Structure formats: structure tokens, C-alpha cells
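Asks: coordinates only, sequence not included:
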């Protein structure tokens, strides 16, 4: 068995053992006939979250959610993987507000922080992650996560400083170190400094050649070069990612679904939304391993979508000159001059005002409403007499 796989299964075994102790004692009160079934349901979920989540949620509906915190955390995880965010957040908040204390409240902060991070509520994510900065399971993960939050908020200097420190730390796991280096590229890119972004993205492939983030970094470099106006270098990177040095392979690319334009353009909220969708397919693991898997995009798919959109005539005007709406969500770095994306009116993150209705359409709409009302008055007596 590969070392990485052995580590993951060892981690699952530790989680299962830590859950079995509190769950077994508390659920034993339900009686000897129900406890084995509950235990088997929990173990099945720990082994395979996709296959076991329905049974776990069915068990939760039967027994209620007033159980040991370990079980409630698993139920919340099952709700989250099923897309039921409100139910998951309600259970996690109850654990956080309860009297169970660590490590259960730390687990709740971890998942609530990820939910906030994945849905773009970056201030809430920062609060949850700050609470678990000294927790053994997240001590290495939190600096990288906070650096990415700073980057998404447009705090370029603070983000690059924190991510550089995380990447240089000997305590940071290898893939998390590569993610921190990738985050430095994002910090420059999201602040509109594409020259710094291109260099940082190119450095990831040189410094972490075996990382799962090499394709993400290569795509980030290509898109940074494109925004800098070096279209030849950008296209060379994109074609190289597909194993083609020319324009061959257009028919093959059309077989793949097009990714959203916001994701092709590496907007932070689009990246976070995509990672949230991946959560249901990412198995339970150490927090740092989960963060790596959730933020690992498919660079080849991005390159295919970008080239396909270029073939459709969306470049360069619609892509390389596209306003960076939503990149830097806000800029609060002291009195420093904000980056170009934060100064531009389109970078405020506000949606354009909807077009005004022409007067003729308003008249037609009003006549339609009046007509419906008159029909209701005409047919109302008939309905009453029919009764």
C-alpha cells in the first residue's frame, strides 16, 4: 500500500476509534438491539461517505440529533455532503454553543470555517479558523487558509507575507507548502499585479515539480501572461498543458463541458464555489489533506475551456480585457494605494443595475395585471355558485 494511502487509513482509524468511545457509551442507553445498528451505520459512513450518508441521515431522523457530539458532527457532515447547508450549520452551531468543549467545538469551528470559506463569507471563515490556530490538527493548515483569505480579500502584502512564511516552514506538509506557493500567485493575480502573478505561478512548477498543483500553477501563469498581453506565451502554455503545440485538438476539446467564465478567469469566489462542490466527493481525512484536495482544480479542464472560448471569439476583448469583478472583494491594507482592480469601478463586486423597462412595456404589464384581476372578478361568482 502506498505511504500516503496508509497514512489516510491510519487517520480514518484514529477518527473511528475516537468516535467509537463516546458514541458507544452514550448510545448503549438506547438498548442492546439498536446500538449495533447505530455503530455499524457510523462505521459504514466513516469508510465511505458517499455510500453511507443516506443511512446515516435516516438514522439521525429516527433517533433525533440530540446525541453525542461525535455523532452530531458526522450527521452535520452528511448533511453538508448532501447539499443541505442550513441543517449542517444548525447542528454545528449547536455543538459550538454547547458545553462539550474541545475537541468537538474545534471540529465544529473547522467545518463552519470551511463552509464560510467555500461560500465566500471570508470574514466568518477568518473568525472560525482563528479559534483553531493552535489546535494540533490544524496548526499547519490555518496559516495557509488565512493567507488565502487575505488574498481573496485583496490584502496582497499581508497574504504574500503569510503564505511565504507557511511555504518556508519545515512544519508545513509538502502539498500544503505547494498550495501556499500557489496562493502567492493568486494574491498577486487577484490584486491585478499580473507580472508578479506570472512569476509566482511559474515558480511553483520549479519548486514543487511533483505537486498536484503544478497544472493549476501552469494555467495561472498562462492566464497571467495573457492579461499582460503576451498572447503567444500564454497560448504556448495552454497548448502544452493539452499535449499540443499547435491548434490541433479543437474537436476533442468540444467533447468537454465548458467551465464558467468566472472560473476560467480565476475569480476567487468562483474557485471557492467550485471547491465547495467538490466537498461531497472528498473523503474524510486530515484537515490539511482535505484543504489540498478541495482546492486542487483540474488545470487541463481550465485550459480546454479557455481555448474553446477563445475559438468562439471571446478573446482578447471579452477575456483578457474583462473587468476583474469579484477578484478583490475589499481592500483594507492601511493607507497603501489600492491595486488597479480595487480602484476600477468594475472591481467593487457590485452587479450592474438592471436595464430599465421601456414605457411601452410598463403599460402592457399594467394592462395585463388589470386583465387578470377582471377575470378573477368575473369567474369568482361562478365558483361560489358551483359550491
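Replies: Cool, got the structure. Just so you know, these numbers come straight off a predicted model, no measurement behind them.
Asks: I'd like the average pLDDT over stretch 120-139.
Replies: The pLDDT scores in stretch 120-139 average 95.
Asks: please disregard the earlier target; I meant stretch 89-107.
Replies: For stretch 89-107, mean pLDDT rounds to 93.
Asks: buried residues, it. List them.
Replies: Buried residues in stretch 89-107, defined by neighbour count with 16 or more other CB atoms under 10 Å: 89, 91-92, 94-96, 100, 103-107. The way it works is simple: take the backbone N, C-alpha and C, and place the C-beta from them, glycine included.
Asks: end-to-end on it?
Replies: Chord length of stretch 89-107, first to last residue, is 13 Å (CA to CA, to the nearest Å).
Asks: I'd assumed residue 203 was in contact with residue 188.
Replies: No. Applying CB atoms under 8 Å as the test, residue 188 and residue 203 come out as separate, 11.3 Å apart.
Asks: more neighbours: which of these two?
Replies: residue 188 (25 against 16; other CB atoms under 10 Å).
Asks: ok, that one to residue 201 distance?
Replies: 9 Å (CB to CB, to the nearest Å).
Asks: now do residue 121
Replies: Distance of residue 121 to residue 201, given as CB to CB: 27 Å.
Asks: try residue 68
Replies: For residue 68, the distance to residue 201 (CB to CB) stands at 45 Å.
Asks: which of the two has more residues huddled nearby?
Replies: Neighbours around residue 68 and residue 201, counted as other CB under 10 Å, are more numerous at residue 201. The numbers are 29 against 18.
Asks: other residues contacting the host helix or strand of the more buried one?
Replies: Using DSSP states H and E, residue 201 sits in helix 194-207. Contacting residues not belonging to helix 194-207 are listed as 178, 181-182, 184-186, 188-189, 211, 213-214, 216-218, 220-221, 224-225, 227-228 [CB atoms under 8 Å, 6 or more residues apart in numbering].
Asks: helix or strand right after it?
Replies: Remark: after helix 194-207, the chain's next helix or strand is helix 214-227, criterion DSSP H and E.
Asks: in that following helix, what counts as buried?
Replies: 214-227.
Asks: CSV for the residues you listed, including pLDDT and distance to residue 141?
Replies: CSV is the format used below for those (pLDDT from 0 to 100; distance: CB to CB, whole Å):
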residue, pLDDT, distance to residue 141
214, 96, 21
215, 95, 22
216, 96, 18
217, 97, 20
218, 96, 24
219, 96, 24
220, 96, 21
221, 96, 25
222, 95, 28
223, 93, 27
224, 95, 26
225, 94, 31
226, 91, 32
227, 91, 30
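Asks: and of the residues you listed, the nearest to residue 273?
Replies: When the buried residues of helix 214-227 are compared for distance to residue 273 (CB to CB), residue 216 wins out at 16.0 Å.
Asks: and that closest one, how far from residue 295?
Replies: 8 Å.
Asks: report the angle between the helix holding residue 201 and helix 214-227.
Replies: Orientation check (axes from the mean of the first three to the mean of the last three CA atoms, to 10 degrees): helix 194-207 against helix 214-227 gives 150 degrees.
Asks: now do the buried residues in helix 194-207.
Replies: Neighbour-count burial for helix 194-207 [16+ other CB under 10 Å]: 194, 196-198, 200-205.
Asks: how is the protein divided into domains?
Replies: 9-118, 140-353 (automatic domain parsing).
Asks: now render those domains as a markdown table, adding distance to residue 131.
Replies: Converted to a markdown table, the domains of the chain look like this (distance: least, CB to CB, whole Å):
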| stretch | distance to residue 131 |
| --- | --- |
| domain 9-118 | 5 |
| domain 140-353 | 9 |
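Asks: so which of the ones you listed is the most packed in?
Replies: Highest mean neighbour count of the domains of the chain: domain 140-353, a mean of 19 (counted as mean count of other CB atoms under 10 Å).
Asks: name all residues that make contact with residue 173.
Replies: Counting by CB under 8 Å, 6+ apart, residue 173 touches 140, 288-289.
Asks: try residue 264
Replies: Residue 264 touches 302, 305-306, 309, 319, counting by CB under 8 Å, 6+ apart.
Asks: redo that, cut-off 10 Å
Replies: For residue 264, the contacting residues are 219, 223, 258, 270, 301-310, 314, 319, 322, by CB atoms under 10 Å, 6 or more residues apart in numbering.
Asks: now swap in residue 291 and tell me
Replies: 114, 117, 138, 140-142, 144-145, 148, 175-176, 179, 275, 282, 285.
Asks: mind redoing it with 6 Å?
Replies: Contacts for residue 291 (CB atoms under 6 Å, 6 or more residues apart in numbering) come out as residue 141.
Asks: same thing with residue 293?
Replies: Residues near residue 293 by CB under 6 Å, 6+ apart: residue 282.
Asks: got it, and residue 109?
Replies: Residue 109 makes contact with 128, 131-132, according to CB under 6 Å, 6+ apart.
Asks: that one and residue 284, how far apart?
Replies: Taken as CB to CB, the span from residue 109 to residue 284 is 17 Å.
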